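Visitor: could you work out the structure for the sequence below:
(chains A, B and C)
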Amino acid sequence: MILLSHYIVVSAILFSIGVIGVLCRRNALVIFMSVEIMLNAANLAFIAFAREHGGMEGQTIAFFVMALAAAEVAVGLGIIMAVFKKQGTIDLAKINFLKG
Amino acid sequence: MQLAFFYFFSGLSILSALFVIFFRNTLSAAIALVVTLFGVACLFGLLEAHFLAAMQVLVYAGAVMVLFLFVIMLMNLGREELLKIKLAFLGIIGVITGVCLAILLVTRFMGLSAPLLSLDLGVEYGTVKSVGKLLFGEYLIPFELTSILLLVAIIGAITLARKPQS
Amino acid sequence: MFPNNPLLEPFLIIIAKVILIPVIVLNLIPLLIWMERKVSAYIQDRRGPNRANILGVRLAGMILNFADVVKLLTKEEFFPTGANRFYFVLAPGLVFFIYVITTAIIPFADVLKIGEFTMSFQVADLNVGVLYLFSMASLAVYGVMLAGWSSNNKYSLLGGLRASSQMISYEITMGLSIVTLFMMSGSVSLNDIIHYQSENPLYWNMIQQPLAFILFLIATFAETNRNPFDLPEGESELVAGYHVEYSSMKFALFFMGEYAAIIVASSVLAALFLGGWQVPFLSTQALIDNAVFFLNVIGKVFGVVSILLGLVLMVQFRPGRYKDARDFEVLILGIPALAVGIFASYFFFTQGIYDMPDWAPPVFAASVQFVTFITKVILFCFFFIWVRWTLPRFRYDQLMSFGWKGMIPASLVNLFLVSARMMF
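Guide: Okay, here's the model as predicted:
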């Protein structure tokens, strides 16, 4: 018997993993990936709640989140590439060209 | 049967998500993320959101992650200079915060005992047709705004990637 | 097949389909390799494979595939220095696996209905249909990228990068060009699109939507990394591209994966644009109603053709032509063909089949549709091979600018035209 809580717990665990990734890693790309995990966890929760209510609205929201993630990745990776070209690293601790 | 599939795919996605944040090799992290996304897509499928499952694989695994791999390969991060995880003070705090968050969320949501399979959903649920009707009917304005967002993203990416004109 | 048999549970049928349908597709691979060799040979005015034989039987060079298998299985496994072994082994398997699982939604014939019993000739009739195919096929790019990266070789890396950028660029055209088909037929399921096209060739999407057909065809060439878009493995620049470091069975998996990709692409082309399993001018109902007549006609034609084939083969018998077992090949093949032909003609011209049990006409219709579908697939495969051996390769910047500045605007225009036609 699958309960709603099963899916929400999985979603919560995935979200926390994403948070840990963002807080611990210094590699800009991995931080980006952790953000993707968090977005996915949110999507999973949306769809699970939509399934519980029998409505489709949660699925449309998840669709919008996907489009947003695609846009975010396009710009974000562009920024990371630009920073890499300028600084030669994507270690966030070493990127300090805003310091005066 | 469904429960077994649920445990398999959720275990797969959680395990590979852990790999994403703990692999030192950025490429391995990206591949692990692909596995996570695939597992989540399978969970979508178990929740009868077939269109979203297909979209998840098509958009995330097929396009977004390919871009990630592309960038990783273009940067060609050598194995020696792979960024090491130094469990510094901030890192430890990060892990503690994350684990606390997980415990908080999990204990909070354990109580939700609504059964998922009791509802009669009908054959249309989660199909391309029904999602499309919602997107082009009730949610038309957000949908069009999404296209503007994507356009902005395209222009932004091109501006960032273009060589500065001298 | 037999509705009264209680042993055949739907579950068993599903298992059988899961095993059989990939096997059908995999069995087309050696046929395609043989076709590639023979067609390229005749295009270049030479003979092609005609040496390898088993007891003198060469089957026009098809036996060479067995020699290939032995060769590839016994070659040395080679790992380049500094290669990442895990990804190096994973990559070819991934490519092959991805293309095999995309076959799950290809319908090989109409739904078989015998009384209460129904069975579809596809593994899964998903409501997301073609989207499943696209999402799975888009995963194949990982195999190519990982192969290029893990080989620790700059040619491989360049090949992998080229392949991936090419595949994600042309995927856009691919998706946009078939959106028009979804709009016309109101469904993304392959089966619905085939039903919508009906049995009249004039209503097939190839005739109805020529621009979408051409765009999709070009995009599939780029997706399968075939000439004129085979820049990822362009041997004059990159040695062999992403699989330059591969040997033995790992190379074979890439090689078979390429042909599996061609077969999947051809079956999708056949299903979307050439009416799939629709027999020209004959609907499923017409086939079932006239099963007895068609079966007799097919039997007579088969008998006569088989006799002629046997005679043509036997006339070519020249003792001492090769001075080994190959001399007798025409006899080994010709005598059984003649015998079968004589038997079939005798049976169908004197007696024929006049009464059938209830299950036979639907099964007959399904098998005719199956053969029709396979024929269409092989036609497209032939086209792929033909193009490869007659057209030169693009330059890489030409390929990219053609994809982004030519194909994508063209598919948008096509989308606009078709929507205008549907509105007014």
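Visitor: which residue lies nearest the spatial centre of chain B?
Guide: Residue closest to the mean C-alpha point of chain B, counted by CA atoms, centre = their mean, is B:L37 at 5.1 Å.
Visitor: helix or strand: which one has the residue of chain B found nearest chain A?
Guide: Across chain B, no residue is closer to chain A than B:G94, which sits at 2.8 Å (CB to the nearest CB). C-beta coordinates here come from the backbone N, C-alpha and C atoms, glycine included. Using DSSP states H and E, B:G94 sits in helix B:89-109.
Visitor: and that helix, what's buried?
Guide: B:91, B:94-95, B:98, B:102, B:105-106, B:109 (16 or more other CB atoms under 10 Å in any protein chain shown).
Visitor: apart from its neighbours in sequence, what residue is nearest A:A71?
Guide: In this structure, A:A71 finds its nearest non-sequential neighbour in B:A153, 3.5 Å apart by CB to CB, 6 or more residues apart in numbering or on different chains.
Visitor: and what of C:A271?
Guide: Of all residues not flanking C:A271 in the chain, C:L190 sits nearest, at 5.0 Å (CB to CB, 6+ apart).
Visitor: so how far is C:Q197 from the one you found?
Guide: 11 Å (CB to CB, to the nearest Å).
Visitor: with C:A271 instead?
Guide: From C:A271 to C:Q197 the distance is 9 Å (CB to CB).
Visitor: which residues touch C:I374?
Guide: C:28, C:108 (CB atoms under 8 Å, 6 or more residues apart in numbering or on different chains).
Visitor: where's it, which helix or strand?
Guide: Per DSSP H and E: helix C:360-388 holds C:I374.
Visitor: average model confidence for that helix?
Guide: The pLDDT scores in helix C:360-388 average 87.
Visitor: buried sites along that helix?
Guide: C:360-366, C:368-370, C:372-374, C:376-378, C:380-381, C:384-385, C:388.
Visitor: list the contacts of the residue nearest to the centre of chain B.
Guide: So B:L37 contacts A:36, A:40, B:56-57, B:60-61, B:65 (CB under 8 Å, 6+ apart).
Visitor: so for C:L190 and C:Q197, which residue has more residues nearby?
Guide: Between C:L190 and C:Q197, counted using other CB atoms under 10 Å in any protein chain shown, C:Q197 has the larger neighbour count: 26 against 23.
Visitor: from what I see, that one and C:Y203 are in contact.
Guide: Yes: between C:Q197 and C:Y203 there is a contact under CB atoms under 8 Å: 5.7 Å.
Visitor: looking at chain B, which residue is nearest chain C?
Guide: Counting by CB to the nearest CB, chain B gets nearest chain C through B:G62, at 2.9 Å.
Visitor: could you find the closest non-adjacent residue to that residue?
Guide: Distances taken as CB to CB, 6+ apart place C:S138 nearest to B:G62, at 2.9 Å, with adjacent residues excluded.
Visitor: can you check C:V39 too?
Guide: C:I385 (4.8 Å).
Visitor: next one: B:L52
Guide: That would be B:F44: by CB to CB, 6+ apart, it lies 4.9 Å from B:L52.
Visitor: next secondary structure after the helix or strand hosting that neighbour?
Guide: Using DSSP H and E, the element containing B:F44 is helix B:26-46. Where DSSP H and E defines the elements, the next helix or strand beyond helix B:26-46 is helix B:50-55.
Visitor: which neighbouring elements make contact with that following helix?
Guide: helix A:57-87, helix B:26-46, helix B:128-136, helix C:130-150 (3 or more CB pairs under 8 Å, 6 or more residues apart in numbering or on different chains; DSSP states H and E).
Visitor: hmm, the helix or strand that that helix is followed by touching chain A?
Guide: The helix or strand immediately downstream of helix B:50-55 is helix B:65-75, counting by DSSP H and E. Yes: counting by CB under 8 Å from any CB of the partner chain, chain A is contacted by helix B:65-75 at B:67-68, B:71-72, B:74-75.
Visitor: related to what we said a few turns ago, overlap in contacts, C:L190 and C:Q197.
Guide: C:G276.
Visitor: any stretches of chain A with poor pLDDT?
Guide: Counting by pLDDT under 70, chain A shows low-confidence ranges at A:1, A:99-100.
Visitor: name the element C:A252 belongs to?
Guide: Per DSSP H and E: helix C:248-273 holds C:A252.
Visitor: angle of that helix against helix C:360-388?
Guide: Orientation check (axes from the mean of the first three to the mean of the last three CA atoms, to 10 degrees): helix C:248-273 against helix C:360-388 gives 110 degrees.
Visitor: name the helices or strands packed onto the helix or strand following helix C:248-273?
Guide: Next along the chain after helix C:248-273, taking DSSP H and E as the criterion, comes helix C:284-289. Where contact means 3+ CB pairs under 8 Å, 6+ apart, helix C:284-289 is packed against helix C:360-388.
Visitor: which strands or helices does the following helix or strand past the helix it packs on pack on?
Guide: Later in the chain than helix C:360-388, the nearest helix or strand by DSSP H and E is helix C:396-401. Contacts defined by 3+ CB pairs under 8 Å, 6+ apart place helix C:396-401 against helix C:154-185.
Visitor: give me the neighbour count for B:K129.
Guide: 13.
Visitor: is stretch C:161-173 anywhere near chain B?
Guide: Yes: Stretch C:161-173 reaches chain B (CB under 8 Å from any CB) through C:161, C:164-165, C:168, C:171.
Visitor: farthest pair in these?
Guide: C:L161 and C:E171 (16.0 Å; CB to CB).
Visitor: buried residues in the host helix or strand of C:F416?
Guide: Here C:F416 sits within helix C:408-423, counting by DSSP H and E. Within helix C:408-423, the residues that count as buried by 16+ other CB under 10 Å are C:408, C:410-411, C:414-415, C:418.
Visitor: got a markdown table for these, with pLDDT too?
Guide: Output for the buried residues of helix C:408-423, formatted as a markdown table (pLDDT from 0 to 100):
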| residue | pLDDT |
| --- | --- |
| C:I408 | 90 |
| C:A410 | 91 |
| C:S411 | 91 |
| C:N414 | 90 |
| C:L415 | 90 |
| C:V418 | 88 |
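Visitor: nearest to chain A among the residues you listed?
Guide: When the buried residues of helix C:408-423 are compared against chain A (criterion: CB to the nearest CB), the nearest one is C:I408, at 16.2 Å.
Visitor: count of residues packed around the residue nearest to A:A71?
Guide: By other CB under 10 Å, neighbour count at B:A153 equals 20.
Visitor: what do you get for C:A163?
Guide: By other CB under 10 Å, neighbour count at C:A163 equals 26.
Visitor: quick check: it touching C:M145?
Guide: Yes: C:A163 is within contact range of C:M145, at 7.3 Å (criterion: CB under 8 Å).
Visitor: which neighbours do these two have in common?
Guide: With CB under 8 Å, 6+ apart as the test, C:A163 and C:M145 both reach C:Y242.
Visitor: please name every helix or strand in contact with the helix or strand bottoming out on mean pLDDT in chain B.
Guide: Scoring the helices and strands of chain B by mean pLDDT, DSSP states H and E places helix B:89-109 at the bottom, with a mean of 79. Packing partners of helix B:89-109 (3+ CB pairs under 8 Å, 6+ apart): helix A:4-24.
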